[in-house]
Structure formats: structure tokens, C-alpha cells
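Q: This is a predicted model, with the sequence first.
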Protein chains: 2
Amino acid sequence: MEHANPDDTRIGWIGTGVMGASMCGHLLDAGYAVTVTTRTPAKAEALMARGADRVTTPGEVAERSDVVFVMVGFPSDVREVVFGDAGIVEHARPGTIVVDMTTSEPTLAVEIARVAEARGVHALDAPVSGGDVGARAGELSIMVGGDPAALDAVTPCLQHLGTTIVHHGGPGTGQHAKMVNQTLIAGTMVSMCEALLYAHRAGLDLDAVLRSVGAGAAGSRSLTNLAPRILAGDLEPGFYVDHFVKDMGIALDESRRMGLTLPGLALAERLYREAQAQGLGRKGTQALMLAVAALSDVEWPVGERQSES
Amino acid sequence: MEHANPDDTRIGWIGTGVMGASMCGHLLDAGYAVTVTTRTPAKAEALMARGADRVTTPGEVAERSDVVFVMVGFPSDVREVVFGDAGIVEHARPGTIVVDMTTSEPTLAVEIARVAEARGVHALDAPVSGGDVGARAGELSIMVGGDPAALDAVTPCLQHLGTTIVHHGGPGTGQHAKMVNQTLIAGTMVSMCEALLYAHRAGLDLDAVLRSVGAGAAGSRSLTNLAPRILAGDLEPGFYVDHFVKDMGIALDESRRMGLTLPGLALAERLYREAQAQGLGRKGTQALMLAVAALSDVEWPVGERQSES
């Protein structure tokens, strides 16, 4: 498991969506040989123009790679990519390291690690936080569960993707840490939308409010990165509402399994499902603003932006 | 209204609690002549040792001062200090500027401004954010409503207290901005406590979790400043649960008056009232952790801190 530099390590990358394409691009920039596959070939074209090879199945990626990164949408996608007939486990050579960066179920991460190890393949769960901004900048926070030796081997790769890499323990602990992260964001997003609605209704200039509250104890990365998009009427993803609903569903399932009552998380998940019901599933998580405003029969975006005070 | 430097401006300071004492101290350090009054004389002793004069009533403070700062607990306290027989309005000379930095009702701020102006006294509402840490460092965010000329006159003083000073509009708009701020913090605190409870129950090392989630999209000032206190079992205020419940009550009253439904804020207020019912009203806002844990029958602080991974 010594894969220290681009000359030695052949990279596989499965899943080239908003996050995956940025992340894979950093490895190409660093000089790694990269093989990709994706369900939507058009999404891989920019990476191919930068030197990536494309193959048809995850199994073919695994055959050509020492380290295979997975960054897909849902646990069912992870299961297909890893365990399917044309999947990674069926085709990887012993010694291959699989790094699942999808936000997925802790129990699935444990299952992948167990099945992989039985074939001499090493598996890490390594979901990330930092959004599209962090992915583009290579400044993600990466939460890792699994074998420490496998983590050591892929750390040179991960350092191109993120500035914070924390090993949380055995398989599944990276996913648990990500659930902690999503629980934090869920409540912060609800309060951000409620606060902007209050500010609007109180007649405050919203840009001025962001300047003052962002500088005090209420400051947060969500406020810095997403509130300006809400004010600009920009609902493009970033991070899909559909994916966030999936994440919160996992966190709620796990919390119930552990006997926990988390009313803030439950409220956020309900409001985000209302956003889905309003047809906002493929918008960014900041689209929650519309669902929160709808609770008070306020139509958002508000018709006229106020000028700076 | 030209009060540009310590030689010219006599300062009055009413209310020397956790926040007020730090803030008043910065004005003493800057060389201002300061007269204080406080309901609890012991709280003023350190300021007197640094040169402050103490008098018995807010009215006496007003008689001796060009600018009178108010930093007390509740709207009823503000009302007494400003409108009482021994209060500011009754005793201030025309041209005096009253700066209420208490987090209080927007409608009360409007009333104060109206009554004060009728006597030639200028009033600003100027609540702050940044907590005890921001107050000690002189790095508060100050949200100001009222006459811009009065704000210009007191800005040299405010610059010793905060690094961000935003004028939000007429009387009451500073308080409205602060309600926006508290709405943001309310939901963030709930999600922080729920996230820490999840992390504990999932068996994660809590320090490691703070390192990874704090560096990603879930990062916030609450997480940076208060989560470490929770992990250390330190529930001292900072900012009192009792005062935060008061703030959220004002925000909920105002939001109802404006026809808004804010379920995240309502949930946070309910959980904080449960913390009060558990006897935690005079603890810091991070004591919410105990009320959130109690919902799942988890006793917090957890018996044994895990070591760093």
C-alpha cells in the first residue's frame, strides 16, 4: 500500500457530478493517470479533454486502477458500483484501495469494508464537507473511516482534494462524522431562511443585515456561502436538495436506531421534503428559502431587491 | 453632536454584567471619563478601580454625561432605566445621546426615540453580537437603528467596542437586526447540541469530530466558541439562557405580529425553556446540551471523555 506519487499510482474515478468533477480534476492537475466512468458521458468530457481515460463500467475502472474513488449520489448507487456484476469488488485486484466519498449509510460502509477485505481489497469511507466551493478550491474537509494503513496510502491523493483530513476510526465512522456535519447544516439552513424572512418582513436591507450578523456570533459558513446566493435569486446547485434529503434521512434512521430524539433534524428534513414537493429537488440547498417563505404565504424571491443602506 | 475624542466626551454606563463590564472597560482604557451605575455594586468595583465614578441612579449618570450607554437585562429594565423617575429621560440635558445596547423590543426602541426626541435627547438602539469573547476583545458586531447624525457622534466610542458597525435605518431597526441574529443562533445551537449527541452515541471521538466538521460547510461561530465549552463540561455564562429565552420571545412576538411562521425558532425557544425548567437559566446558552440530551434520556455531561483519536 505504498502509493506516494503520481508516477506510481493509477487512479480510478467513478461519478463526475458537481463535486466529483472538481475533485477528479485536481488529481489530473497533480499529474495522476486517471480512468473515469460516469452514467452521463457528457459530464466526463471536460475531464477527458484534460487527459482522463473513460471506460464503460466501474469494474473496468477497477481493473486499471490502484486506487478507486467513488463519488455518486445515493447508497443504492454505491451498492451497484461496488457490488454489481460490473462493479469494483468483482474486478479489483488484491491490494486495490476503494475510497467511497459519497455521503452514504454507515452500515453500508461497514459491509463494503468486510466484503472487500475478504478479497484482499481495502475500503475506506471518506465523505467530504465544504460544498462546491470547497471542492473547486481543493479545500474540503474529509472524514475518514477504515484501515489507517489504507488511509496513509491514499493521503497523498486526498491532500489534493482537502485541507483537513481526519481519521475517525473503523469502517463507517467517516459516514457517522458526515451525519454529524449534515445535522449541523440542517438546523443552520432552517434558521438562516427563517432569519432572512424575518429581515425581509421587518423591512431591513438584506445586504446590510448579512454584513452585521455575519460578523457576530451568528456567523457561519452557510451564511457566508449560501445567503448571498439566496439574495441574488441564485438557486443553482452547489449541493442538491435531493441529496441533502437523502443525507438527513440516513441521519434520522441512524439516530432512531441509536434511540435518539432529534427534533431540529426532523424539522429540517420535513421542510426540505416540502421543498422537494415544490419541485425544488434539483436546485441547491439554498432553495429551502422558498419552502420556508411558503409557510408564511410569502412568495420568494421577493419582487424587488432593496438597495444597500 | 460632536463628541470625537475622550477629552470632550463624558460617558455614562448603566449595567455592568458580563458584557457591559467588558465593554465599559474598553472606554476607560481609551481614556474616557466614565460614570457608572449598577444594581449590584460589587459588579462595578473593578471598573471603579480603573477610574470609573459610581453614582446611585441612572438619572445621576445622565446628569453627568454627554453619551449614556445602557446594557441591562430585560426590556422592563430598559424601561425603568430610561423612563423611571430616577431615569435618563427625566434627567438628561438636551443634546445628550442615549445608546441602548440591550437586546430589547423594536417597539420599545421606537418609543424611546420618540419620547427622547421630544426633549431634545437623541436615542439609538444598538444591540451587539459576538458574546463575551467578542466583548472582551472589542470585536463585537453592533447593529444600529436611529438618527444617523447621533450615530456619527458616538461612532468614536463604538469603535472601541466593535469592529463592525452597521446602520440599519430608523429607530428599532437595530433591534430587528439583532432578532435576525438571534434567530440564526437559535437554530444553530439546537443543531449543534443534536449533532454532538449523535456523535457521542455513535461512539465518535468528539474532539476529532469538531476538527473535521468545523473545517467544512458546517463551520460556525457557535461551533468554534461554544462546542469546546460543552466538551469541557463548562456551562458558565457567556450569555445567559434566561436572556436568550427573552430574546427569542421578542423575536417570536415580532414574527407573529408580522404574520410569519418560524418553526425552527419556535422549537429552539421551547427547548431553551425546557433548559430553564431544568434550572439552567443562569448558565450559558451552551447548557442547551443538557436539555437536548434529556429528550433522549441521555445524561450529559457524559461520564467519561474519550481520548483523541
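A: Looks like it arrived, so ask away.

Q: For residue A:283, which residues are in contact?
A: Residue A:283 makes contact with A:235, A:236, A:237, A:240, A:241, A:275 under the criterion Cβ atoms under 8 Å, 6 or more residues apart in numbering or on different chains. Placement of C-beta: from N, CA and C, glycine included.

Q: dump the residue contacts of the nearest residue to residue A:280 once chain neighbours are set aside.
A: Distance criterion Cβ to Cβ, 6 or more residues apart in numbering or on different chains; nearest residue to residue A:280, sequence neighbours excluded, is residue A:287 at 4.2 Å. The contact partners of residue A:287, by Cβ under 8 Å, 6+ apart, come to A:235, A:241, A:275, A:280.

Q: shouldn't residue A:129 be in contact with residue B:209?
A: No. Counting by Cβ atoms under 8 Å, residue A:129 does not reach residue B:209; the two are 11.5 Å apart.

Q: Quick check, pLDDT for the residue nearest to residue A:280.
A: pLDDT for residue A:287: 98.

Q: Okay, and the beta partners of whichever residue of the stretch 1-150 of chain A sits closest to chain B?
A: Nearest residue of the stretch 1-150 of chain A to chain B, counting by Cβ to the nearest Cβ: residue A:129, 2.7 Å away. Under DSSP bridges, the beta-bridge partners of residue A:129 are residue A:141.

Q: What about it, how many residues nearby?
A: When neighbours are counted by other Cβ atoms under 10 Å in any protein chain shown, residue A:129 registers 29.

Q: Give me the pLDDT value at it.
A: 94.

Q: How much space separates it from residue A:229?
A: Distance, residue A:129 to residue A:229, by Cβ to Cβ, to the nearest Å: 18 Å.

Q: Return the set of buried residues in the worst-scoring helix or strand of chain A on mean pLDDT.
A: Ranked by mean pLDDT, DSSP states H and E, the weakest helix or strand in chain A is helix A:131-137, scoring a mean of 90. Of the residues in helix A:131-137, A:131, A:132, A:133, A:134, A:135, A:136 count as buried by neighbour count, 16 or more other Cβ atoms under 10 Å in any protein chain shown.

Q: Please render the residues you listed as TSV that adds distance to residue B:213 to the earlier fields.
A: Listed next are those as TSV, based on distance: Cβ to Cβ, whole Å:
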residue	distance to residue B:213
A:131	13
A:132	18
A:133	16
A:134	13
A:135	17
A:136	20
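
Q: quick one on the thing from earlier: please give the three-state secondary structure assignment for the residue nearest to residue A:280.
A: Under DSSP: H, G, I helix; E, B strand; the rest coil, residue A:287 falls in the helix class.

Q: By pLDDT, give me the weakest of the contacts of residue A:283.
A: Lowest confidence among those: residue A:237, with 90.

Q: Excluding chain neighbours, what is closest to that residue?
A: That would be residue A:284: by Cβ to Cβ, 6+ apart, it lies 4.0 Å from residue A:237.

Q: Okay, now the unreliable bits of chain A?
A: The model of chain A has pLDDT under 70 over residues A:1-5, A:7, A:303-309.

Q: Please, where are all the helices along chain A?
A: A:18-29, A:45-49, A:58-63, A:75-83, A:88-91, A:106-118, A:131-137, A:148-158, A:173-201, A:206-214, A:221-231, A:241-257, A:263-277, A:288-295 (DSSP state H).

Q: and the ones you listed, which is most packed in?
A: The highest average neighbour count among the helices of chain A, using mean count of other Cβ atoms under 10 Å in any protein chain shown, belongs to helix A:173-201 at a mean of 29.

Q: That one vs helix B:206-214, what angle?
A: 50 degrees (axes from the mean of the first three to the mean of the last three Cα atoms, to 10 degrees).

Q: re the thing from before, residue B:11: which of the contacts of residue A:287 is nearest?
A: residue A:235 (48.0 Å; Cβ to Cβ).

Q: next one: phi and psi at that closest one?
A: The phi/psi pair for residue A:235 (degrees, to the nearest 10) reads phi -110, psi 10.

Q: can I assume residue A:98 is in contact with residue A:124?
A: Yes. Under the criterion of Cβ under 8 Å, residue A:98 makes contact with residue A:124 at 7.2 Å.

Q: From the chain's centroid, how far away is stretch A:103-116?
A: Centroid separation for stretch A:103-116 versus its chain: 17 Å, with Cα atoms, centre = their mean, to the nearest Å.

Q: now do stretch A:209-226
A: With Cα atoms, centre = their mean, you get 22 Å for stretch A:209-226.

Q: Kindly export it (C-alpha atoms) in PDB.
A: The C-alpha trace of stretch A:209-226 is given here as PDB (Å, rounded to 0.1, in the frame of the first residue of the first chain):
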ATOM      1  CA  VAL A 209     -28.100  42.600   7.700                       C
ATOM      2  CA  LEU A 210     -25.700  40.000   6.300                       C
ATOM      3  CA  ARG A 211     -22.800  42.400   6.900                       C
ATOM      4  CA  SER A 212     -23.800  42.900  10.600                       C
ATOM      5  CA  VAL A 213     -25.000  39.400  11.600                       C
ATOM      6  CA  GLY A 214     -22.200  37.700   9.600                       C
ATOM      7  CA  ALA A 215     -19.600  39.500  11.700                       C
ATOM      8  CA  GLY A 216     -21.000  38.400  15.000                       C
ATOM      9  CA  ALA A 217     -21.800  35.300  16.900                       C
ATOM     10  CA  ALA A 218     -24.300  34.200  14.200                       C
ATOM     11  CA  GLY A 219     -21.600  33.800  11.600                       C
ATOM     12  CA  SER A 220     -21.400  30.500   9.800                       C
ATOM     13  CA  ARG A 221     -20.200  29.000   6.600                       C
ATOM     14  CA  SER A 222     -23.700  28.500   5.400                       C
ATOM     15  CA  LEU A 223     -24.400  32.200   5.900                       C
ATOM     16  CA  THR A 224     -21.200  33.200   4.100                       C
ATOM     17  CA  ASN A 225     -21.600  30.900   1.100                       C
ATOM     18  CA  LEU A 226     -25.400  30.500   0.600                       C
END
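
Q: With chain B in mind, check whether that stretch reaches it.
A: Yes. Residues of stretch A:209-226 are located near chain B by Cβ under 8 Å from any Cβ of the partner chain, namely A:209, A:211-213, A:215-223, A:225.

Q: follow-up on the earlier one: closest to residue B:113 out of the helices of chain A?
A: With Cβ to Cβ as the criterion, residue B:113 lies closest to helix A:206-214 of the helices of chain A, at 19.0 Å.

Q: which residues sit against the closest one?
A: By Cβ under 8 Å, 6+ apart, helix A:206-214 touches A:195-196, A:199-200, A:219, A:223-224, A:227-228, A:231, A:305-306, A:308-309, B:129, B:141-143, B:164, B:166-168, B:177, B:180-181, B:184.

Q: from what I can see residue A:52 touches residue A:27, true?
A: No. Checked against Cβ under 8 Å, the pair residue A:52 and residue A:27 is beyond contact range at 9.1 Å.

Q: shared neighbours of the two, which are they?
A: Taking Cβ under 8 Å, 6+ apart as the criterion, residue A:52 and residue A:27 both touch A:13, A:34.

Q: Good, wrapping up.
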